[in-house]
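> can you look at this prediction? I've put the sequence above it.
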Amino acid sequence: QGDLHAASAAAVGGLDGDREAVLVDEGEHLLGARDRLERAGRERCPDLLGDDWSAASVREAAANLTKDPDRPFAEALLDQRVMAGVGNVYSNELCFVFGRRPTAPVSSLADPLRLVQRARDMLWLNRSRSNRCTTGNTRRGEQLWVYGRAAEPCRRCRTTIEVDDSGDRIRYWCPNCQTA
């Protein structure tokens, strides 16, 4: 373990495109998400883009997700101890796809296994893209359902997308499509 004074910070792109500061050790090796969690003394969790992803990983992530049924859905998705890889963009988009407001309790989700697999699919399909796409439409400005679209019409129902930026993470949702 290197001296913290000898380590330097570097900005790298997160899986959801957010920028985050990570420590670089003296050998200039970036510490990955799983390494950072392990170094912090936390348990390993299923990594949505990990080489070891399997059916058991899906079950483990779903079990982690539902451990606290009263927890807000978006908060649980962002918890890297639940499953590694979901950032704020994907959290908002998954809430939309599953018809849940970011503040809805995890218990409102009917099929956590399906949610975990969809999260994996979203990240996997976007792993090599420079612009994330969750709608299936790769045309510029049409790639995301709700994220970054405050006051714009919902792509499904034309209701105005709402936003809440009062917390640690900004949240977007369609009040008509995301009723639970």
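Structure received.

> pLDDT weak spots in the protein?
Counting by pLDDT under 70, the chain contains low-confidence ranges at 1-43.

> show me what the helix or strand harbouring Y90 is packed against.
Using DSSP states H and E, the element containing Y90 is helix 88-97. The contact analysis (3 or more CB pairs under 8 Å, 6 or more residues apart in numbering; DSSP states H and E) places helix 88-97 against helix 73-78, helix 112-126, strand 171-173. No exception for glycine: its C-beta is placed from N, CA and C like everyone else's.

> my read: A151 touches I161, true?
Yes. With contact defined as CB atoms under 8 Å, A151 reaches I161; the gap is 6.7 Å.

> which of those two has more neighbours?
A count of neighbours by other CB atoms under 10 Å puts I161 above the other of A151 and I161, at 23 against 8.

> for R171, see how far away A104 is.
Note on A104: its distance to R171, by CB to CB, to the nearest Å, is 11 Å.

> quick check: neighbours shared by the two?
The contact sets of A104 and R171 overlap at C95 (CB atoms under 8 Å, 6 or more residues apart in numbering).

> higher neighbour count, the two?
Using other CB under 10 Å as the criterion, A104 and R171 rank with R171 on top: 22 against 19.

> wait, what's in contact with that one?
A74, N92, C95, P102, T103, V163, D164, D165 are the contacts of R171 under CB under 8 Å, 6+ apart.

> which members of those residues are the farthest-apart pair?
Farthest apart among the contacts of R171 by CB to CB are C95 and D165. That separation is 15.5 Å.

> more neighbours, those two?
Legend: neighbour count by other CB under 10 Å for C95 and D165, higher for C95 (29 against 10).

> alright, I will stop here.
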